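Student: take a look and give me a structure for this.
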Amino acid sequence: MEPVPDAREAWEKAVSLAERHVEKLSREGTYYASKRLIAEMKKAIEAGREDLLVRAINWWLYDRQLYFLKRVARTEAANAFHLAQIKATEDDPYVIGYQWRLSSSHPRPDICDWYASVDFGLGKGVWPKDRVPRKKAHPHCMCYLLPKVSKVKTPRVKNFAELWENLSPEVRREILPRWASKLAHAGVSPDEFLAADKLSFIRRKDFIARMGKERFEALSAIGGALEEVKWRDLGRHVMARKDYVKDALELNRRVDSVLKDKKAKVWAIKHSKKGLVRIYVVSSQGELAIIERDGTRVSWFPLDRQNPDAFIQKMKERISGSQEFVFVGERGALWPEK
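Tutor: Prediction:
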C-alpha cells in the first residue's frame, strides 16, 4: 500500500536527516552499517512498505550489538597484552619508564597524541613506571609501549589541558575510560573526569568517593543503557507491549524517554555485598523502565493502571533476605547539572 503523502514526506525527511548525520561519522564500521540502513530505508519508502522499514531498523540494532561485542573483545585482548608488557619489565632496575608510541594507522588526533607527547622529565612520551596507563587509551587503540632505559632528549610539548581543549565533545566522550563513558552518556560533562593536576583522568575509586557509590552505580547503569541498546529479549517485549508500542524502535524511544527524565525517581534492588543489581526508573509520566547494572534493558511498562506508590510498596514487600528495595534519588539529582 502506498503511504499517504504526509507520511511519505515524513519518511523522506527522516532519511535525509539520517544521511546528514551518517556522513559526519568516521569511515569505519559504524559508517558503512549506517549507509546500508539508509539504503534499506529508501527501498522501503519507494515500495511503501512499513514492514521493510521496521525490518531494516531491527537489523541495524542487531548489527550494532555485534559491533560492540567485537569491540569489547578486541579491546580487552589489547589491554591484556598492554599490561603484560608492563608486568614483564616493571621490576627491571634498568627500565626507567615506558614511551607511548603512536600506531602507524593512527587516524586522527585524540588522547593518544597527548600520551605520546607528554613530558614528565624523562623525555617526550616517556611515562614513569608508577604513572604509565595500565590500559589502552580508548577502544580500538593500536598504540604500543616501548620500555626505556635512558631519558629521551626532546623539547617539552603541549600538556594534556591544551590538547583536551582542542578536542571535540564527541572525541572527548570517545576517549574516556569505559566507566566514565557511561556517566558521560548519562549527562556528566567529560571535563569532570580530569584529574586535579590535568595530567590524566581521575581514578574511578576517587570519582566514586566524590559521587557516592549508590548514585555512581545507578547513573552508570542508566548511562550504559543510553550508550548501547541491549535487551534480554527485544522481540518478546515488543509483543508483550503491543497495546502501547508498535515496534522495537518505539519501545526503545520510550525507554530512552524514561531514562532521560530528570524528574524520574530512581529505585534499585540492593544486594548486601554486590551493591545495586537492578535499577528501576519511574518517570514523571508514570512509566517504568527496568535495567540491569550493566545497562541491559530488562523491561518497560506504564504504571497508569495502578498507583506508582503502590508498585513501590509491592516491591519493598517482595524483596527480602540479603537484598532490599532502596530509593537512590531523583534522576536529575544523581549528578546535578551546573
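Student: you'd agree residue 217 is up against residue 292?
Tutor: No: look at residue 217 against residue 292 with C-beta atoms under 8 Å: they stay out of range, at 11.2 Å. For glycine as for every other residue, the C-beta is placed from the backbone atoms N, C-alpha and C.
Student: which one of these two is surrounded by more residues?
Tutor: More crowded of residue 217 and residue 292, by other C-beta atoms under 10 Å: residue 217, with 21 against 17.
Student: give me the three-state assignment for that one.
Tutor: For residue 217, the secondary-structure state derived from DSSP: H, G, I helix; E, B strand; the rest coil is helix.
Student: separation between it and residue 244?
Tutor: Counting by C-beta to C-beta, to the nearest Å, the separation of residue 217 from residue 244 is 29 Å.
Student: kindly report the same for residue 333.
Tutor: When residue 333 is compared with residue 244 (using C-beta to C-beta), they lie 28 Å apart.
Student: count the neighbours of residue 324 for me.
Tutor: 13.
Student: quick one, phi psi at the closest residue to it other than its chain neighbours?
Tutor: Take residue 324 and drop its neighbours on the chain: the residue closest to it by C-beta to C-beta, 6 or more residues apart in numbering is residue 270, 5.4 Å away. In this entry, residue 270 is assigned phi and psi values of phi -110, psi 130 (degrees, to the nearest 10).
Student: cool, and residue 291?
Tutor: When quoted as degrees, to the nearest 10, the phi and psi of residue 291 stand at phi -140, psi 150.
Student: use 266 as the first number from now on
Tutor: Noted, 266 is the first residue going forward, which turns the last one into residue 556.
Student: touching, it and residue 542? I think so.
Tutor: No: Residue 556 sits out of contact with residue 542 when judged by C-beta under 8 Å, with a separation of 10.8 Å.
Student: neighbour count winner among those two?
Tutor: Remark: of residue 556 and residue 542, residue 556 carries more neighbours, 26 against 14, as counted by other C-beta under 10 Å.
Student: quick check: residue 390 touching residue 381?
Tutor: Yes: counting by C-beta under 8 Å, residue 390 touches residue 381, with 4.3 Å between them.
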